[in-house]
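> Here you go, sequence then predicted model.
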Amino acid sequence: MSVVSQVENQKKTQLDESSNIIQVSGLTKSVSTLEGSLTILSDINFSVKSGESVAIVGASGSGKSTLLSLLAGLDTATKGDVILDNQALSSLDEEDRAQLRAEKIGFVFQSFMLVQSLTALENVMLPAELAGDHDAKAQAIELLDKVGLSHRLEHYPSQLSGGEQQRVAIARAFIGSPKILFADEPSANLDSKNGHLIEKLLFDLNKQNGTTLVLVTHDEHLAKQCQRIIHIEGGQLEKISDGVTVDTTKVTTHVG
Amino acid sequence: MWVKLAFKLFSREFRRGELTIIFAAIALAVLTVFSLSSITERIGLNIIQKSSDFIAADRRLSSNHPIDTQLLSKANEFDLETAKLIYFDSMLFANDELVLGSVKATTQAYPLRGKISIKDELTSEPYDVSTGPEVGSIWLSEGLFYTLNVKIGDTVELGAGIFNIEKVLVKEPDAPFFSLSGNKRVLLNYADVPKTKAIQPGSRAFHRYLYKGEEQQLTDYYAWLKPQLKSNQDWQGIKDRQSPLGKNLSQAESYLLLAGLFGIMLAAVAMAVSAKRYCERQYDPVAMMKTLGGSRRVIRNIFLLHLSLVTVFSVVVGLSIGYVLQTIGADYLMSFMGAELPTAGARPWLLSILIGGICALMFSLKPLLDLFDIPPLRVLRRNLGDTLAISRIHVALSLITIFALMWLFSGEIVTTLILFASTLLVIAILFAISRLLFAAGRSLGLRPGSSWSLAIATLQKRANANAIQLISFALAIKLMLFLVVLKSDIIDDWQQQVPEGAPNMFIINIGEQEISPIKQFFTENNIIHEDFYPVFRGRVDAINDEPLARKVSKQEGEEKDEEEREGVRREPNLTWLADLPESNEITEGEWFSSELTSEDDIEVSVFDGWQDRLNLKLGDTITLLVDEQPIKVKVTSFRKVDWASLKPNFVMVLSPNMAGKVPVTYFSAAQIKEQHTKAVSQLLQRYPTISMIDIKARIEQAQSIIAQVSIAIGFVLSIVLISGALVLISQVQASLAERMQEVVILRTLGAKGRLIKLATLYEFVLLGAIAGLVAAVVSDVALFIIQQQLFNVDGRFHFYIWLLGPMSGAIFVSAIGYFMVARTMRQNTQGLLRKLG
């Protein structure tokens, strides 16, 4: 590689890092029902910078979970596109999207979604093992230690409380150092004490790892801890507001 | 690598019991197929060996012409043991008495199977030997000692030869069961035949070669022999023979076959349901893995490896348990039968491994493919993928597989079709019932809060899941009912064959003037006896005036003529009767009118087996040669004859207006008890021309075989019943696991344990009763068809099972359900909630 091109590449990388890691343009999702086509999401546009934390809020049925599924490539859009870390999801098939999730995305779900037949430690290691990385044990133990579960490594999900299960899920989300973390109502199934603990963990780890966090919630308090809040109403992007710890220098939005 | 992850997941899933049902189902299929097929094969081999005794060989080649000796010497090249037999009638002479005896001359190797029973003196006990008389000696049946007035050690002239009377011949293994010459039997060494000069060109003799050896060698030899067989040569094995036990044996074989088929069906049902259930329980983990970036390929590999591991593991366990089970079973049978059971070959091993593999692959294929298709989005939309639950392809694939397995196991398409169609009928009826229940229950508007309304509400709500459960319950109950009822029917039939008080002695050669003193003798001694039938011998000489070929020496080119009317080689015993015998049934034409007079044509009713052999039709005229006197008779009916009945049966029965036209002797049968023996021998001395044929030994032999086969059938039935019970238990368990969530919700909402338990109990009572009723009705229909098609007996309905089915279904299913739900109730609600994850 020539010196010139090396310099160009470095410039490009620097540019990428400072630019949007998620770019949503004209995103629309319709489903066909017996009564005809039903639009769940209509022409959504926004972008998220690398390292930023964004909350998606809205009432039940507003389309926020659909938006999350499209952002994570769990579902495909009817129109428009999502560009994740410079890759257009519409150009990827299911296998490629799985590969992308394996490399760049972590998840935390409302219902924890742990594999019941695996221990806490094995659940945390699962994404790494699926990606073919078998040296993830040390990292998994470290992550479980960070979420305060170093004494529960060999416990099965059924032997853990709800809060503990969600902490395992958080540790699992951070293994393999994903660039983006999607969380779907992470504290909704927990009591307020455990809920707060989980939220704190999520934000702390997010900060430590420099991960981009996209959080779906109907909890205003939780949403306000994010840098920006995207309000969805009836499938439309209603407004984007700032959170408490807003850092405006990092935010560029262009709502279309 | 995914392999490590796959193994880890597998061992955990296994320990958690997720794979238990699928494992148990494959193991059950393997162990059922293995234990049944090996026991069946061993019993089958034993039965064949036993039956081979009846022809004193494994196979025999018979002809009324001398058989080329090259055919026999060739058999040695196939490692077959052989013996040579010749039957002929010849005059015996001693003490100025002249009697026509039925001679059987045999080589030393005779009998190849079974034993000859002989006595050293008339008064001594009989014992068994494995070879016939030596050169120069002769063995005579008891009757000949009386008529010739001879004793052991005397000499007797047979034809032109003089022989030393060495033994009293009691029984040969292949003695004809019912033969009117039964009491004038002579056994001679084959090498002595020339001395008698009885066999001249043109004399009537019957030749027979006997063979014994491995089944494969016999088959190979027959393959070599077949193209060279002449039309007058007949190759027979035990199964071809119309022996009284032939029917029992083939019924027993059919039963064992059916039992095996049912075992496979039961296991297949368990497998189809459990594979689907297992895969459904994996929907969440798979969706999760896909979300976490697991590729389709990795997920596919993981679950295919699971399937392979569980298959291998369960096949090994199934074979091990099956081996132990069949060893115990065989030991038990051997100790009961007092006989060595031959070892089964490789077939049971191969068949059970193959069937285990096919079960695992075919029943899991569609659920697994569905599993691979589970969208990752399920992690957010929790019910996504549930619509895949009922797949027509899975049902179709499972049905095709069950059909293929049954066919593979039985090799019989008709039986497979009947059983399969009746199974489809069960499924169709039950689907209809579930739909009806659903529709009816909705309009009932039951009182809320009662156990019954909760039970019915649950039944409706789970209409589809219940349909599947109903089907599996009903199938298990149907198969069990079917086998239980069929077993009792078969065994009843067999016992009727030799009822208490049946005649055990045939009395033959009774002259007309001897009838009344013998009748009087029977009355005086309180001996139960049958009617006296007129009997005479006649030969079919021509049909519609076309002579029947019966040339002694004939040219190759002439063989065609004989082929056309092939098969009549002996003089059958003939009679006339006014009424159709009980064990006979007219298949074509009509029985004789009672108005026939002596001027009318003589009519004949012919055994339907001879209809094809002689190419006969109604209205044909048969010319019979009776004492060289031609008698023309008109065919007016054909009859089915039950040769299995231990009663005298006739190939041709003539109309009563035959009376007085030919000289006859009379025949009867009586039950002679131990205390009559002395009186009977006095009778025989007073009337030396009459003979008695003791069929007691034959009846006992038949009874002992029937007893053995009944036990074998009982054993096999119990294996299938255990399988059926296991299937029912696993089904109830599976359905309870699915009900757990409801139980937890009801419990959490404060429902009393009693309410939940009772609701479950009632629900299972309803399920069991409906399943049992449908099972009873359908198995009765299937039984009706199977009995006619496979067992050649009249189909009948068994209305008692219409009650037994629903009752046993309700009791069994609800008992298991109640027990299991009661156990669940003992856990606290928090524990149950946790368990649901």
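Thanks, I have it. Everything numeric here is computed off the predicted structure, so don't read it as measured data.

> can you list the weak-confidence ranges in the stretch 501-650 of chain B?
B:501, B:549-571, B:643-646 (pLDDT under 70).

> sec struct for the residue in chain B positioned nearest to chain A, please.
Chain A sits closest to residue B:293 of chain B, with a gap of 2.3 Å, by Cβ to the nearest Cβ. For glycine as for every other residue, the C-beta is placed from the backbone atoms N, C-alpha and C. Assigned with DSSP: H, G, I helix; E, B strand; the rest coil, residue B:293 falls in the coil class.

> So for it, what pLDDT did the model give?
Residue B:293 is assigned a predicted lDDT (pLDDT) of 84.

> pretty sure it is touching residue A:99, no?
Yes. Using Cβ atoms under 8 Å, residue B:293 makes contact with residue A:99 at a distance of 6.5 Å.

> which residues in the stretch 151-256 of chain A form strands?
A:180-184, A:212-217, A:228-233, A:236-242 (DSSP state E, counting those that start in this stretch).

> looking at those, which is closest to residue B:420?
Checking those against residue B:420 by Cβ to Cβ gives strand A:180-184 as the closest, at 49.1 Å.

> Report the angle between that closest one and strand A:212-217.
Counting by axes from the mean of the first three to the mean of the last three Cα atoms, to 10 degrees, strand A:180-184 lies at 10 degrees to strand A:212-217.

> The closest residue to chain B within the stretch 51-200 of chain A: which element?
Nearest to chain B in the stretch 51-200 of chain A, going by Cβ to the nearest Cβ, is residue A:102, at a distance of 2.3 Å. Residue A:102 is part of helix A:94-104 when elements are defined by DSSP states H and E.

> What helices and strands are in contact with the helix or strand that comes right after that helix?
Counting by DSSP H and E, the element after helix A:94-104 in chain order, helix or strand, is strand A:105-108. If contacts are counted by 3 or more Cβ pairs under 8 Å, 6 or more residues apart in numbering or on different chains; DSSP states H and E, strand A:105-108 sits against helix A:162-174, strand A:180-184.

> Out of these, the one nearest residue B:123 is which?
helix A:162-174 (94.0 Å).

> Now do that closest one: distance to the chain's middle.
14 Å (Cα atoms, centre = their mean, to the nearest Å).

> which residues are in contact with it?
Under the criterion Cβ atoms under 8 Å, 6 or more residues apart in numbering or on different chains, residues A:106-109, A:112-114, A:120, A:123-124, A:126-127, A:140, A:143-144, A:146-149, A:152, A:155, A:157, A:160, A:181, A:183, A:186-187, A:189-191, A:194, A:197-198, A:201-202, A:205, A:209, A:211, B:292 lie in contact with helix A:162-174.

> from these, which would you call buried?
A:106-109, A:112-114, A:120, A:123-124, A:126-127, A:140, A:143-144, A:146-147, A:149, A:152, A:155, A:157, A:160, A:181, A:183, A:186-187, A:189-190, A:194, A:197-198, A:201-202, A:205, A:209, A:211, B:292 (16 or more other Cβ atoms under 10 Å in any protein chain shown).

> In helices, which of those fall?
A:120, A:123-124, A:126-127, A:140, A:143-144, A:146, A:194, A:197-198, A:201-202, A:205, A:209 (DSSP state H).

> Could you find the closest non-adjacent residue to the residue of chain B closest to chain A?
The shortest distance from residue B:293 to any non-neighbouring residue, by Cβ to Cβ, 6 or more residues apart in numbering or on different chains, is to residue A:102 (2.3 Å).

> got it, and residue B:348?
Of all residues not flanking residue B:348 in the chain, residue B:38 sits nearest, at 3.8 Å (Cβ to Cβ, 6+ apart).

> May I ask which helix or strand encompasses that neighbour?
Since the elements are taken from DSSP H and E, residue B:38 ends up inside helix B:20-55.

> helices and strands around that helix, which ones?
Judged by 3+ Cβ pairs under 8 Å, 6+ apart, helix B:20-55 is in contact with helix B:244-281, helix B:296-337, helix B:347-372, helix B:696-748.

> And the strands in the stretch 1-150 of chain A?
A:20-33, A:36-49, A:53-57, A:79-84, A:87-88, A:105-108.

> Tabulate those strands in JSON lines, adding columns for mean pLDDT.
Listed next are the strands of the stretch 1-150 of chain A as JSON lines, based on pLDDT from 0 to 100:
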{"stretch": "strand A:20-33", "mean pLDDT": "89"}
{"stretch": "strand A:36-49", "mean pLDDT": "90"}
{"stretch": "strand A:53-57", "mean pLDDT": "92"}
{"stretch": "strand A:79-84", "mean pLDDT": "92"}
{"stretch": "strand A:87-88", "mean pLDDT": "91"}
{"stretch": "strand A:105-108", "mean pLDDT": "89"}
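
> Pretty sure residue B:545 sits against residue B:621.
Yes. Contact criterion Cβ under 8 Å: residue B:545 and residue B:621 qualify, at 7.1 Å.

> So for these two, which sits in the more crowded spot?
residue B:621 (15 against 9; other Cβ atoms under 10 Å in any protein chain shown).

> right, and that one touches residue B:543 too?
Yes. The criterion here is Cβ under 8 Å, and residue B:621 meets it with residue B:543 at 7.3 Å.
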